[in-house]
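S.K.: My questions concern the predicted model and sequence given below.
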2 protein chains.
Amino acid sequence: MTSHPIHITLVTLGVSDVQASAVFYEKLGLKRAPASQEAVVFFDMGGVALGLFGREPLAKDAGVPPQGDGFRAVTLAWNQSDEDSVDNAILRAVEAGGRLVKAAEKVFWGGYSGYFSDPDGHLWEVAHNPHAALREDGSMEL
Amino acid sequence: MTSHPIHITLVTLGVSDVQASAVFYEKLGLKRAPASQEAVVFFDMGGVALGLFGREPLAKDAGVPPQGDGFRAVTLAWNQSDEDSVDNAILRAVEAGGRLVKAAEKVFWGGYSGYFSDPDGHLWEVAHNPHAALREDGSMEL
């Protein structure tokens, strides 16, 4: 019986065009992991990996219907060490082909945050949280 | 201008009942981070954090409509070091209140994989990948 707590090894995004999506993430600085193939691309993001896989085969892999619309109730966050870096990261994502969803602004919890979406509409928050230090590896101390 | 590659600091799941969802993840071995509050709970998963936030306020935070149905085109994976641990992890998730989506089985890429969903239907794959070693911190070598 495993006694390890649950953790995220891999976040897989279902996308309409794996290679186009991979180019978007490459423009944001990621390098394809050797395990990548034509139909599935992996990026090692340090601690957690990002996978890009067709939306339909991803649903099939889980054995669930592929239909789905609207808000996915999942957001990924890319935290930054200051507010300028938030603006710059969002700009970089938009230049890479992402969509600006919400320009960064001061938010109620004391931070600075905005959102972009990737070419398939997956939501990324880019934030600076003055209450949470970033460790050397980019992870956040909560 | 930031030159850091994009990475995932935090995965936030929109849920119908933050505290009920938090209990589910506590049963899977996670401990609430000090930054947690009534309306938002964080877990440090080592490298990446997991956030639980109301589905509606999460949509509002991103400035997008909260409506959405069906397949979310996002899966989270919890990799294991052997097949028995996959079965055990899925069993543990179901005992904690998750739903068995797909019993683990040998899959085409040479691994062993199954799926459960959390109380809000967020999909977790539990997998053993014989081609990808797990590092000491549980992350995967791709």
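M.R.: Received the coordinates, thanks.

S.K.: Could you pull out the helices in chain A for me?
M.R.: According to DSSP state H, chain A carries its helices in the segments A:18-27, A:55-62, A:83-95.

S.K.: Counting neighbours, which bits of the second one end up buried?
M.R.: Along helix A:55-62, these residues count as buried under the neighbour rule (16 or more other Cβ atoms under 10 Å in any protein chain shown): A:55, A:58-59, A:61-62. For the C-beta atoms, the positions are set from N, CA and C on the backbone; glycine is no exception.

S.K.: Ok, stretch A:129-139 next?
M.R.: By neighbour count with 16+ other Cβ under 10 Å, stretch A:129-139 contains the buried residues A:129, A:132, A:138-139.

S.K.: close to chain B, is it?
M.R.: Yes: in terms of Cβ under 8 Å from any Cβ of the partner chain, part of stretch A:129-139 sits within range of chain B, namely A:131-132, A:134, A:137-139.

S.K.: I'd like to know how far the residue positioned nearest the centre of chain A sits from chain B.
M.R.: Geometric centre of chain A, nearest residue: residue A:76, 4.7 Å, by Cα atoms, centre = their mean. Using Cβ to the nearest Cβ, to the nearest Å, one obtains 5 Å as the distance from residue A:76 to chain B.

S.K.: and that residue, what are its bridge partners?
M.R.: Beta-bridge partners recorded for residue A:76 (DSSP bridges): residue A:124, residue B:11.

S.K.: ok, back up a step: could you redo the residues of stretch A:129-139 next to chain B as TSV and give each row distance to residue A:6 and pLDDT?
M.R.: Supplementary listing: those in TSV, determined by distance: Cβ to Cβ, whole Å; pLDDT from 0 to 100:
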residue	distance to residue A:6	pLDDT
A:131	25	90
A:132	21	88
A:134	23	89
A:137	20	82
A:138	21	81
A:139	17	86
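
S.K.: Show me chain A divided up by domain.
M.R.: What the record gives for chain A is the domain set A:7-60, A:73-136, from automatic domain parsing.

S.K.: closest one to residue B:118 among those domains?
M.R.: Within the domains of chain A, the stretch nearest residue B:118 is domain A:73-136; the backing value is 11.0 Å (Cβ to Cβ).

S.K.: Now do that closest one: distance to the chain's middle.
M.R.: Taking Cα atoms, centre = their mean, to the nearest Å, one finds domain A:73-136 lying 10 Å from the centre of the chain it belongs to.

S.K.: cool, and stretch A:54-66?
M.R.: Between the mean C-alpha location of stretch A:54-66 and the chain-wide mean there is a distance of 19 Å, by Cα atoms, centre = their mean.

S.K.: That one - what's its average pLDDT?
M.R.: Per-residue confidence for stretch A:54-66 averages out to 97 on the pLDDT scale.
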